[in-house]
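Asks: Predicted model follows, preceded by the sequence.
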Amino acid sequence: MVYRSIGARIQQVREELGLTQEEMAAKLGCTQEALSNYELGKRRLYLSNLEQIANILGKPLSYFMESPTSSGKDDFSHLLAEPQLRDILLAAAALSAEERKLVLDYINWRRSQR
C-alpha cells in the first residue's frame, strides 16, 4: 500500500514535469517497465532509488514519504476546482459500477498511449 502511494506521487510529479516514463527511466538507468512497476506500487522501491528519483524530479525525499492526508489538504479539492474534471466526476457518478469500470479502463488505455 505504501509503495502505491509513493508511486502515485512519482508519477504525478513526472507528468507535471512533462517527462515520459521512457525519459525518466533513462535518467534512472532502469527500464521503462521497472519505472512503471514503481509507479504502480508493484515493485519495491529502495531508499537509494527513491533518493535518486527525488533528485531527478527536484523534490525533497520527504515529499514522497508523506502520507497524502498528512499535509492537511484534501487530495481531491484541486480536481473539483477544474470545471471539466468536476463534470466528468458528476457524469461518472450517474453510471453503474460496470460502466464506471469501462470508463476507467478507457482512461487507463488512453494514458498508456502517451
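Replies: Yep, it's here.
Asks: going forward, measure contacts between C-alpha atoms and count neighbours the same way
Replies: Noted.
Asks: where do the helices sit along the protein?
Replies: Under the criterion DSSP state H, helices of the chain are mapped to 2-16, 21-28, 32-40, 47-57, 61-65, 77-80, 83-93, 97-112.
Asks: tell me, which of those is the model least confident about?
Replies: Per-segment mean pLDDT for the helices of the chain reaches its minimum on helix 77-80, at a mean of 62.
Asks: Distance check, Asn108 against Ile53.
Replies: Plainly put, Asn108 is 23 Å away from Ile53 if you go by Cα to Cα, to the nearest Å.
Asks: who's more crowded, these two?
Replies: Set Asn108 next to Ile53 and count neighbours by other Cα atoms under 10 Å: Ile53 wins out with 21 against 11.
Asks: Assess the claim that the more buried one and Leu28 are in contact.
Replies: Yes - counting by Cα atoms under 8 Å, Ile53 sits close enough to Leu28 to count as a contact (7.1 Å).
Asks: how about Ala8, what does it touch?
Replies: By Cα atoms under 8 Å, 6 or more residues apart in numbering, the contact list for Ala8 reads Glu39, Leu40, Gly41.
Asks: So which of those is surrounded by the most neighbours?
Replies: Among these, the one with the most neighbours (other Cα under 10 Å) is Glu39, at 22 neighbours.
Asks: Run through the residues that contact it.
Replies: Arg4, Ile6, Gly7, Ala8, Arg9, Ile10, Gln11 are the contacts of Glu39 under Cα under 8 Å, 6+ apart.
Asks: Roughly how far does it sit from Leu57?
Replies: 14 Å.
Asks: now swap in Glu51 and tell me
Replies: Distance from Glu51 to Leu57, counting by Cα to Cα: 10 Å.
Asks: next one: Thr20
Replies: Computed as Cα to Cα, the Thr20 to Leu57 distance reads 12 Å.
Asks: Many thanks, we can stop here.
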